[in-house]
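Q: What follows is a protein structure lacking sequence information:
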């Protein structure tokens, strides 16, 4: 089965949370590209900003992209949330709003990458961390991503999560795939 790698990050470019930096947008695009190049499936929140930049990177490289929407249907996704559809092969409509969508989004990934981000991305990170998942942190992307090492120390909680930090999209994806393969081999031995 193809590995599923999620990219979680800032969704809104302007407004309450501020502007996403151009370097963060480029990193997200490169991560999407690397996920496609490694024949993985990209999963994200089917929204604007970092998730859509990553989706574009994957689609520009013949990747497969699944979006997990907070909306209940396509009309709500497009009209109420004003979220994109162009770079997605499949959009799953949860009808759960943002917090519920985040649980579905993260728990369907073999690994989750945090890029920039604010409170919603922090929510996605804490779900992945509590679930003991493999988490990649795109260092230098800004936002929550640049503070996670400190946050983990403050939380002082062991969950079995593996957190991998890197500044290079290519090496981050390779490190995540190595960890995914290690966990899959362990699971095979248990079965």
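A: Good, I have the coordinates. All figures in this text were calculated on a predicted structure; none of them were measured in a lab. Residues are numbered from 1 along each chain as shown.
Q: Phi first, then psi, for the residue nearest to residue 101 when sequence neighbours are not counted.
A: Distances taken as Cβ to Cβ, 6 or more residues apart in numbering place residue 70 nearest to residue 101, at 4.0 Å, with adjacent residues excluded. Placement of C-beta: from N, CA and C, glycine included. Torsion angles at residue 70 (phi, psi; degrees, to the nearest 10) stand at phi -70, psi -20.
Q: Please tell me how far residue 70 sits from residue 130.
A: Relative to residue 130, residue 70 is positioned 20 Å away (Cβ to Cβ, to the nearest Å).
Q: what about those two, which has more around it?
A: Set residue 70 next to residue 130 and count neighbours by other Cβ atoms under 10 Å: residue 70 wins out with 24 against 14.
Q: List the contacts of that one.
A: 45, 81, 94-98, 100-101 (Cβ atoms under 8 Å, 6 or more residues apart in numbering).
Q: Same check on residue 112?
A: 5-8, 106, 124-125, 128, 133-136.
Q: in a helix, that's where it is, yeah?
A: No. Counting by DSSP: H, G, I helix; E, B strand; the rest coil, residue 112 falls outside a helix, being strand.
Q: Please identify which helix or strand holds residue 91.
A: Element membership for residue 91, per DSSP states H and E: strand 90-93.
Q: For the following helix or strand past that strand, which outside residues touch it?
A: Next helix or strand after strand 90-93 toward the C-terminus (DSSP H and E): helix 97-107. By Cβ under 8 Å, 6+ apart, the list of residues contacting helix 97-107 from outside reads 6, 8, 43-45, 68-70, 92, 94, 96, 112, 120, 123-124, 127-128, 131, 133.
Q: Out of those residues, which sit inside strands?
A: Of the positions in the contacts of helix 97-107, 6, 8, 43-44, 68-69, 92, 112 sit in strands, assigned by DSSP state E.
Q: quick check, nearest of the contacts of residue 70 to residue 169?
A: residue 45 (18.9 Å; Cβ to Cβ).
Q: I'd guessed the closest one sits against residue 10; true?
A: No. Assessed by Cβ atoms under 8 Å, residue 45 is found out of contact with residue 10, at 10.6 Å.
Q: before we move on, the earlier item: please tell me how far the residue nearest to residue 101 sits from residue 93.
A: Counting by Cβ to Cβ, the gap from residue 70 to residue 93 is 9 Å.
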